[in-house]
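Asker: I'll drop the sequence and a predicted model, then ask my questions.
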Amino acid sequence: MEFHIPEPTPPRPVQRSLFTRFDLEIDALLGAPRARSAFKVDGAGLAAAVLDTGLRVSHVCFKGRVPEAHNFTGIGARDDVTDANGHGTNVSGLIAAGTNDERRGIAPRANIIPLKVLPAPTLNPILEALQWVLSNAERLKISVVNMSLGVPGLNLVDDAHARAAYSDLHKVINQLYLENIALCVAAGNDYYEFQTEGMSLPAIFREVIAVGAVYDSSVGDRSYASGAAAYMTHADQITPFSQRLSADTSPECYTDVFSAGGGATSAGAQDDDGTSTQDGTSQASPTVAGVILLLQQHYMRLMGQLPPISLLQDVLRSTSTWLVDNEQDQKDNVKNSGKRFPRVNAFESLVALDRYVKLHA
């Protein structure tokens with residue numbers, strides 16, 4: 001089965017001056033500036049592996065922080081991660097762009113390891129890349145993996161079938177989980193098609209941190225190729241395309257957190273100083289990967305090792321801002337579930353993690 005980018009709109013290069021506020025509003029919505037300042041964390045000493053369309057390695061946003069890059073698509077040289085699409089560059093910037101402007105990432109001093117896996121007509125490039133992460137994580141200090149991709153047309157409510165049908169994928173994901181390497185995955189963008197709760201694959205696996213998308217601010221009305229539309233938008237409004245699965249519906253595997261993924265501005269692949277704005281759960285997932293890097297950095301400073309994934313999941317979920325998926329708040333053309341969903345809060349998560357460590361050390 002083919003894996004795609006779960007993206008409702010194509011990437012768009014933009015003029016930086018037109019969208020200066022967007023990424024700053026992502027930062028503010030998630031409490032990232034306060035988290036970085038209060039706990040003196042910025043991702044330094046850790047790395048995120050990004051399985052995507054590649055990266056513009058020479059981009060100013062990643063200067064000096066791309067120690068390795070590998071291509072698993074079978075197209076081109078093994079070290080050629082040229083990002084002709086722009087998706088991987090935008091996603092990587094949302095995690096760790098180091099510029100002090102609207103493109104700044106959540107963890108601006110973390111390294112980025114681009115692993116080009118898309119296009120992926122089969123599962124093999126993704127499996128190979130994840131196995132490579134397992135073999136090289138210690139050497140490169142990889143502590144989080146971002147996968148803003150999935151199988152289109154799936155809306156699963158539990159992972160029983162997925163674990164059986166994709167046993168090789170589940171096995172390597174479970175190995176990452178046991179090694180305390182966090183795996184952030186986009187929940188999927190097919191909610192308009194299904195109009196009911198569920199998530200795509202691999203977001204449905206309970207060992208991953210599955211991420212849905214909200215708007216970070218008022219960006220006017222938005223419409224998408226899938227047919228999904230928001231008639232008006234505001235901060236913490238669930239995007240109409242975002243697949244979602246509540247803990248009430250599926251207590252074992254559900255959407256862990258929501259984050260900013262509507263109108264997300266970051267690095268663009270068109271040139272070495274480019275900027276792009278994209279919408280998707282693809283954009284929400286890397287912002288959570290950035291928050292996890294901050295949490296891991298603080299935990300390692302205190303404990304000398306990476307935190308268990310189960311602890312990260314508990315901290316992220318329990319300290320989130322709670323949103324209600326109802327008609328009054330959403331103003332869109334999809335059937336609202338009426339359920340409550342958590343939106344990540346970086347500062348509160350760090351406070352809770354700090355308290356947990358000091359109580360249990």
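Answerer: Here it is on my side, so go on. Remember, predicted model here, so these are calculated numbers, not experimental data.
Asker: CA only for contacts and neighbour counts going forward, please
Answerer: Noted.
Asker: Now do the SS call for the residue sitting nearest the centre point of the chain.
Answerer: Nearest to the geometric centre of the chain sits S285, at 1.4 Å (CA atoms, centre = their mean). Of the three states, S285 takes helix under DSSP: H, G, I helix; E, B strand; the rest coil.
Asker: who are the neighbours in contact with it?
Answerer: N146, M147, S148, C184, V185, A186, A210, V211, G212, S259, G261 (CA atoms under 8 Å, 6 or more residues apart in numbering).
Asker: Report pLDDT for it.
Answerer: At S285, the model reports a pLDDT of 98.
Asker: if we can go back for a sec, which of the contacts of S285 lies closest to P308?
Answerer: Distance to P308 across those (CA to CA) is lowest for C184, with 14.2 Å.
Asker: Contact partners for Q195?
Answerer: V334, K335, N336.
Asker: mind listing the strands for this protein?
Answerer: Counting by DSSP state E, the chain has these strands, from start to end: 12-13, 47-52, 70-71, 111-116, 142-147, 182-186, 209-215, 222-223, 229-230, 257-262, 264-268, 274-278, 321-324, 340-343.
Asker: starting at the chain centroid, how far to the third one?
Answerer: Read that as strand 70-71. Chain-centre distance of strand 70-71: 20 Å, with CA atoms, centre = their mean, to the nearest Å.
Asker: tell me the mean pLDDT over stretch 44-51?
Answerer: Here the average pLDDT along stretch 44-51 is 98.
Asker: List the buried residues in that stretch.
Answerer: L46, A47, A48, A49, V50, L51 (16 or more other CA atoms under 10 Å).
Asker: Name the residues that touch it?
Answerer: Contacts of stretch 44-51 (CA under 8 Å, 6+ apart): 88, 92, 95, 107-118, 126, 129, 133, 140-148, 289, 293, 297.
Asker: which stretches of the stretch 51-200 of the chain form helices?
Answerer: 87-96, 124-140, 160-165, 167-178, 191-194 (DSSP state H, counting those that start in this stretch).
Asker: Out of these, which one sits most buried?
Answerer: helix 87-96 (a mean of 32; mean count of other CA atoms under 10 Å).
Asker: so what does that helix touch, helix or strand wise?
Answerer: strand 47-52, strand 111-116, strand 264-268, strand 274-278, helix 281-303 (3 or more CA pairs under 8 Å, 6 or more residues apart in numbering; DSSP states H and E).
Asker: who wins for proximity to Q328 among the helices of the stretch 51-200 of the chain?
Answerer: Once those are compared by CA to CA, helix 191-194 is nearest, at 18.0 Å.
Asker: Quick one: mean pLDDT for the closest one?
Answerer: 96.
Asker: That helix: how far from the chain's middle?
Answerer: For helix 191-194 - counting by CA atoms, centre = their mean - the centre lies 20 Å from the chain centre.
Asker: Which residues does that helix contact?
Answerer: Here helix 191-194 has contacts from N155, E197, S226, G227, A228, P240, F241, S242, Q243, R244, V334, using CA under 8 Å, 6+ apart.
Asker: I'd say P307 and N180 touch.
Answerer: Yes: judged on CA atoms under 8 Å, P307 makes contact with N180 at a distance of 6.4 Å.
Asker: of all the strands of the chain, which lies closest to N174?
Answerer: Once the strands of the chain are compared by CA to CA, strand 182-186 is nearest, at 10.0 Å.
Asker: Could you pull up the residues touching P67?
Answerer: P67 touches N111, I112, I113, counting by CA under 8 Å, 6+ apart.
Asker: let's see 10 Å
Answerer: A47, V57, N111, I112, I113, P114, L140 (CA atoms under 10 Å, 6 or more residues apart in numbering).
Asker: I142 versus that one, what's the distance?
Answerer: Noted for P67: a distance of 11 Å to I142, by CA to CA, to the nearest Å.
Asker: what touches both of these two?
Answerer: Contacts common to P67 and I142, judged by CA under 10 Å, 6+ apart, are A47, N111, I112, I113.
Asker: Only the buried subset of those residues, as a ChimeraX command please.
Answerer: A single ChimeraX command selects the buried members of the shared contacts of P67 and I142 (16+ other CA under 10 Å):
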select :47,111,112,113
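Asker: Considering the shared contacts of P67 and I142, which is situated nearest to Q270?
Answerer: I112 (18.6 Å).
Asker: Go ahead and confirm the closest one touches E68.
Answerer: Yes: at 8.3 Å, I112 counts as touching E68 under the criterion of CA atoms under 10 Å.
Asker: shared neighbours of those two, anything?
Answerer: By CA under 10 Å, 6+ apart, the residues touching both I112 and E68 are A49, V57, L140.
Asker: show me the contacts for the last one.
Answerer: Pointing back at L140 there. G45, L46, A47, A48, A49, P67, E68, N111, I112, I113, V133.
Asker: sorry, back to before: specify the stretch among the helices of the stretch 51-200 of the chain that is closest to D279.
Answerer: Of these, nearest to D279 by CA to CA is helix 87-96, at 10.3 Å.
Asker: Check the spacing between T319 and L312 real quick.
Answerer: 11 Å.
Asker: okay, and the common contacts of those two?
Answerer: S349, L353.
Asker: Any chance of the contacts of P67 in CSV with distance to L176 as columns?
Answerer: As requested, these are exported to CSV (distance: CA to CA, whole Å):
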residue, distance to L176
A47, 15
V57, 26
N111, 19
I112, 18
I113, 16
P114, 17
L140, 15
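Asker: just curious, which of the residues you listed is nearest to V351?
Answerer: Once CA to CA is applied, the member of these that ends up nearest V351 is A47, at 22.4 Å.
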